[in-house]
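Peer 1: Kindly generate the corresponding structure for this input.
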Amino acid sequence: MLTKLLDREVSRRPATVRFGGRILFLTEDPELIRRQLGGEDLEWDPSIPLRNDISTDEITPGWVCYYYDEKLGEYPYVGLRCGDEFPIGRLDVRSGGFVCSVSGVRRGKGSSREAAPYAEQAAGIRVVIAENIERIYRENCQNLGVLASTDFSLIEKVRSGEDIPLEAFIGDAGGIERDIIEFGGLLDYAVARLKGQVQVPRIATAPRPMTVAEKILARHWVTDLAKDEVGVDAVRAGDSGFVRTDIRFSHEYVTPMASTFWENFAGSEAELNEVESILFFRDHLALLDEVMTEERKEKGLLDAAHGLHERQREFARQQGVRLHGGLPDRAGSEAICHVMVQDRYALPGMVIVGSDSHTPHSGCLGAVAFGVGTSAIVNSWATRDVRIEVPRSVRIRATGRLPQNVTAKDLMLEILRHPYVKRGDAIGKVIEYGGEAIEAMGMDERATLTNMAAEIGGFTGIIAPDARTAEWLVERRNMSREEADHLVEGLTSDEGAEYEWTLDVDASSLRPMVALPGDPGNGVFIDELTEEAPIDLVFAGSCTGGKREDFDMYAQVAREGLERGERVPDGVAAYIQYGSIDVEEYARERGYEELFKELGFRVLAPGCGACINAGPGVSTSPDQVTISSINRNFPGRSGPGRVYLGSPFTVLASALAGRIVAYEPSAAVPA
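Peer 2: Numbers count the residues shown, from 1 in each chain. Next comes the predicted model:
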């Protein structure tokens, strides 16, 4: 299968590296950026206001990801927002001769798209330096061979062309991470691994109390790839190795690039390893035709987007991969990947990887599910495993019971505004949720929490499976109770398991919240908004807000509103979108769709859509205000307007009020 791959010659990098080129400081001040693009070289001064929280959406906005080859190098940072300006245009970075890019805290937050560092690399960037760097983005840089560091003393050494020890970019990295950096990327390292040029260090962790995530990782730990040996007694934070995956999935933003990497890597005739555990989805761009501007269509971007789907469909056909694609009778898709993976495929105790930062969604069932980049997906197609360094764990305990009008989304917004999270201290950690409030939640509400571990910056989110999980498996998967109980058995955290930090939240004290525009961490209680917030757009849906329980909440508010004679006010455009065809069937059987239409909502077929500026519900001007149930509101992600995030209750109540309000249940609604 991998004959061409094994013929590749690979070797380690030299002990020192040299660059010699310009430094691009990504600053809050757009004028400072324009001066650099115009040829001025800034001297590093800590007083320079570096941009913090640069997301991968800003490095490569969604429309840039319609490309999946070297053309990406024309577009890095075109979505970078500095105040109200976007100072970097097409070809600016490539034509500027920049080899290093510098920014502040939380570089690379957001989507796991490997297109971001790939675009930087294709534009000439060889080094990225930031105060701290998000896990997936850093891993993607390493996989591609882009060097990353938090050491600002390297700036002048890069600029002056000094010899820099490769060790400066390795630091205290473990054996595998070190080898990947030294071999110049994951795929060359994989060749070295398969050819026996490098050995994965064995771990020697003695039995110890473990968290539920650590138990699952230990069960899946690959001890010998050639002999197909899997499983160790115990792991601990810092252990490095590879874990065997149960499910690997990707969507049309990533599959085309991955298929190109695969064919270059293994050969066009090579077959994917254990194809039955691989899934493809067309969910991100299924409704793009409805919102793409004529200007972008004239530039060929719609054709490029359609080309992604065609490439994925052809590759799926060639390889025999199950593709959940477009709908035959209308615009839309079978499902958002996360919703369907949870509903149809994920099981307690699994390891699941996906080409999307919200892959932790399935952690609601007690699976270790995490997002990976394109190179890691390609590697997994060959070996069935993925690289991992066992993360430290953070425990979030929600005590008490949530009030009637407070949901998992409100709890999540409360967590996201905590200083520990906002400082970036949770980056790369396992976020384990527990406590009375969590135990009372159904799987869909739990999924909101695990899904939005991505907004925390966590490696994954997980909830230990329990009797409620087993009941869900019996109901949703038609399992016997005996089989469901067996899957759940033993998947709890041990007494004495290690946590880096614990956050206790009194769920009973919470009130409905929204996240102010710009970042999911900008949470405030609605009753503390300092001024009225009229809305222009409403979007109810996404993987976070398009599940069955979300639609139950939407319908509850809808019924009460109709009883009071309320409708969506004139001048407010309202959209509601299913997370999958299964959710759509559920809602139609209960008469929900007619409720929403009567209120004045446009009901959309499943898809990601407005969440990534690729479907109805996106803003078209900066002055528009949106209330949305999506999971992130980074600048430009859902159009140029201002996006507030809220719960399903808040979104529907605000739609009827024409302004952001908290939902107040009628007295008839049971607690």
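
Peer 1: Could you measure from G496 over to T205?
Peer 2: Separation of G496 from T205 (CB to CB, to the nearest Å): 15 Å. All C-beta atoms are positioned from the backbone trio N, CA, C, and that covers glycine.

Peer 1: Neighbour count: these two, which is higher?
Peer 2: With other CB atoms under 10 Å as the criterion, G496 and T205 differ in neighbour count, and T205 comes out ahead with 18 against 8.

Peer 1: State the number of residues packed around D172.
Peer 2: 7.

Peer 1: Quickly find the element holding it.
Peer 2: According to DSSP states H and E, D172 maps onto no helix or strand at all.

Peer 1: Dihedrals phi and psi, it?
Peer 2: When read as degrees, to the nearest 10, the backbone of D172 gives phi -100, psi 20.

Peer 1: same check, this time on A464
Peer 2: Main-chain torsions, A464, degrees, to the nearest 10: phi -60, psi 130.

Peer 1: Now do the same contact list for it.
Peer 2: Residues in contact with A464 (CB atoms under 8 Å, 6 or more residues apart in numbering) are 212, 366, 432, 434, 491-493.

Peer 1: Quickly note the distance from D536 to F649.
Peer 2: Here the distance between D536 and F649 works out to 20 Å (CB to CB).

Peer 1: between those two, who's got more neighbours?
Peer 2: F649 (25 against 18).

Peer 1: list the contacts for the more buried one?
Peer 2: By CB under 8 Å, 6+ apart, F649 lies in contact with 405, 407, 512, 553, 556-557, 662-663.

Peer 1: ok, back up a step: can you redo the contacts of A464 as a markdown table with distance to V230?
Peer 2: Rendered in a markdown table, the data for the contacts of A464 read as follows (distance: CB to CB, whole Å):
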| residue | distance to V230 |
| --- | --- |
| V212 | 18 |
| G366 | 19 |
| E432 | 23 |
| G434 | 28 |
| L491 | 17 |
| T492 | 22 |
| S493 | 22 |
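
Peer 1: Out of those, name the ones that lie in strands.
Peer 2: The strands, defined by DSSP state E, take in 432, 434 from the contacts of A464.

Peer 1: For burial, what's the neighbour tally of T530?
Peer 2: Taking other CB under 10 Å as the definition, T530 ends up with a neighbour count of 6.

Peer 1: Contacts only, for it.
Peer 2: So T530 contacts nothing (CB under 8 Å, 6+ apart).

Peer 1: where does it land in three-state SS?
Peer 2: In three-state terms, and counting by DSSP: H, G, I helix; E, B strand; the rest coil, T530 is coil.

Peer 1: helices and strands of this protein: which one bottoms out on pLDDT?
Peer 2: When each helix and strand of the chain is scored by mean pLDDT, DSSP states H and E, helix 3-6 comes last, with a mean of 64.

Peer 1: So which elements touch the very next helix or strand once past that helix?
Peer 2: Secondary structure here is assigned by DSSP H and E; on that basis, the next helix or strand after helix 3-6 toward the C-terminus is strand 16-17. Contacts of strand 16-17 with other secondary structure elements, assessed using 3 or more CB pairs under 8 Å, 6 or more residues apart in numbering; DSSP states H and E, are made with strand 164-165.

Peer 1: any residues touching the strand it packs on, and which ones?
Peer 2: 15-19, 154, 157-158.

Peer 1: Please repeat the previous calculation with a cut-off of 7 Å.
Peer 2: The contact list for strand 164-165, computed with CB atoms under 7 Å, 6 or more residues apart in numbering, reads 15-18, 154, 157.

Peer 1: what are the pairing partners of that strand, and which direction each?
Peer 2: Here strand 164-165 is paired, per DSSP bridges, with strand 16-17 (antiparallel).

Peer 1: Give me the distance between R81 and E131.
Peer 2: Taking CB to CB as the measure, R81 falls 19 Å from E131.

Peer 1: quick one, which of the two is more surrounded?
Peer 2: Neighbours per residue, other CB under 10 Å: of R81 and E131, the larger number sits with R81, 20 against 15.

Peer 1: For that one, give me its contacts.
Peer 2: Contacts for R81 (CB under 7 Å, 6+ apart) come out as 58, 635-636.
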